[in-house]
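S.K.: have a look at this fold, sequence not included:
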């Protein structure tokens, strides 16, 4: 595959090695006799993996599609509880669905105490139809719409996360394995911070290679203990979302093996940078040409219409990018996280950025989502909104020419409830996603909000108990 963003041949050898698990997963297991159990799991709408620990002797049956779980497993709330009035549970008898392999094979989980492996699955009904509340199915449906137009999205993701002290009661930066001091400063692009955790990063890259995840550069970010690793672009959005989900899990697992904790919470510290999930994408036609490239700096009409669709649907799709109470703490003025619905060229203050560089690398960077968001839903709604813009020829607002423009115009929802309301009222979300998924996701978020609203913080009690 030609690297359209960097102008060189991509190094695919690591992925070819990892794909042996896909081509012959049973043979791969036979070559790893130390593995005694598997984690067979699907991804729910919150981006949480849910499944079973099964003996390795059952691998062939699971690969043949003989594992069953309730269809409702894709839509419990964030705590794993059934959502009140979920028809899958209460009206339809909580029926089982069939868990089918995604085609990725079996992936090692070497960070646990005993050698284990992960078998990723997605769901269909007893009749063999796709399960409409499976987030991976939702992305597959959007990709199919692009293929009908002869287009293939080329996607890459950038993920920020925090390393934390696992023994602290509240989020606290980890201690350097070299100096013993906490990483308590905002030391962006610090090589020392990266070097101090070299053993951790070496294991991250080793595990990514085993998974076939195209991990690129790692940097220290603005918050103490905050890092970012980029995943290079691939012409398979479904695999890109898989890679993002698996990356989050392996980072947490490898961190545990090094006596650390890792968090993809959007805003673990009020006074430090939040963690973003930035998505880069372009579109290739059947000849492999980037249709966002018109030979100039501005990009093509197709790029402009894609931006128009993304901006037009951004407020009503905000709940996908910011799905939790904590998510809305990240969208703050004066930070690198966007809070205004705007776009621009080479500006990181915009929600949608068009990076510079050679015209053949022209692409869109979507900077809105937090790392707590479900990668399948994020890619589905970004690509789905872009396709709406292309099909309806939606013209965007004028690109911002100064940072002051980020304070003007339409704003992203400032509170969670407004995000939930905008999503629930949106007709466009029911065009991009199945109504079954929209209703399930909406019910999850309403229940999550209600649980939080019924809790009092110590600060609330301290403020009012004897003062009023």
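M.R.: Cool, the structure landed. A quick note: this is a predicted structure, and the numbers were derived from the prediction, not measured. Numbering: from 1, shown residues only.

S.K.: how close does the closest residue to residue 244 other than its chain neighbours sit to residue 43?
M.R.: Nearest non-adjacent residue to residue 244, counting by CB to CB, 6 or more residues apart in numbering: residue 375, 3.8 Å away. In this view, the C-beta of every residue, glycine as well, is placed from N, C-alpha and C. To residue 43, residue 375 is 9 Å away according to CB to CB, to the nearest Å.

S.K.: give me the distance between the residue nearest to residue 244 and residue 106.
M.R.: For residue 375 relative to residue 106 (CB to CB), the value is 21 Å.

S.K.: I'd say the residue nearest to residue 244 and residue 246 touch.
M.R.: No - with contacts counted by CB atoms under 8 Å, residue 375 stays clear of residue 246, the gap being 9.7 Å.

S.K.: still on that earlier bit, what touches both of residue 375 and residue 43?
M.R.: Counting by CB atoms under 8 Å, 6 or more residues apart in numbering, the contacts common to residue 375 and residue 43 are residue 245.

S.K.: low-confidence stretches in the chain?
M.R.: Along the chain, segments meeting pLDDT under 70 span 1-20, 91, 334-335, 403-408.

S.K.: which SSE is residue 40 in?
M.R.: strand 37-43 (DSSP states H and E).

S.K.: residue 368 now?
M.R.: Per DSSP H and E, there is no helix or strand for residue 368.

S.K.: just give me the neighbour total for it.
M.R.: Residues within reach of residue 368, counting by other CB atoms under 10 Å, total 28.

S.K.: ok, now which ones touch the closest residue in space to it that isn't next to it in sequence?
M.R.: Once flanking residues are discounted, residue 368 sits nearest to residue 321: 4.6 Å by CB to CB, 6+ apart. Neighbouring residues of residue 321 by CB under 8 Å, 6+ apart: 327, 368-370, 373, 378, 381.

S.K.: most neighbours of all those, which one?
M.R.: If you count neighbours using other CB under 10 Å, the busiest of the contacts of residue 321 is residue 381, which has 31 neighbours.

S.K.: re earlier: sheet partners, orientation included, of the strand holding residue 40?
M.R.: strand 49-55 (antiparallel), strand 116-124 (parallel) (DSSP bridges).

S.K.: re the thing from before, roughly how far apart are the residue nearest to residue 368 and residue 427?
M.R.: Taking CB to CB, one finds residue 321 at 19 Å from residue 427.

S.K.: okay, strands next: where are they in this protein?
M.R.: Taking DSSP state E, the strands of the chain run over residues 37-43, 49-55, 67-70, 96-101, 107-109, 116-124, 152-164, 215-220, 226-234, 261-263, 277-284, 343-345, 352-354, 364-366.

S.K.: buried ones in the third one?
M.R.: Neighbour-count burial for strand 67-70, counted by 16 or more other CB atoms under 10 Å, picks out 67, 69-70.

S.K.: ok, residues contacting it?
M.R.: In contact with strand 67-70 (CB under 8 Å, 6+ apart) are residues 40, 42, 50-52, 54, 58, 61, 88-89, 94-99, 121, 123.

S.K.: could you turn the buried ones of the residues you listed into a PyMOL selection?
M.R.: Command for PyMOL that selects the buried part of the contacts of strand 67-70, burial taken from 16+ other CB under 10 Å:
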select buried, resi 40+42+51+52+54+58+88+89+96+97+98+99+121+123
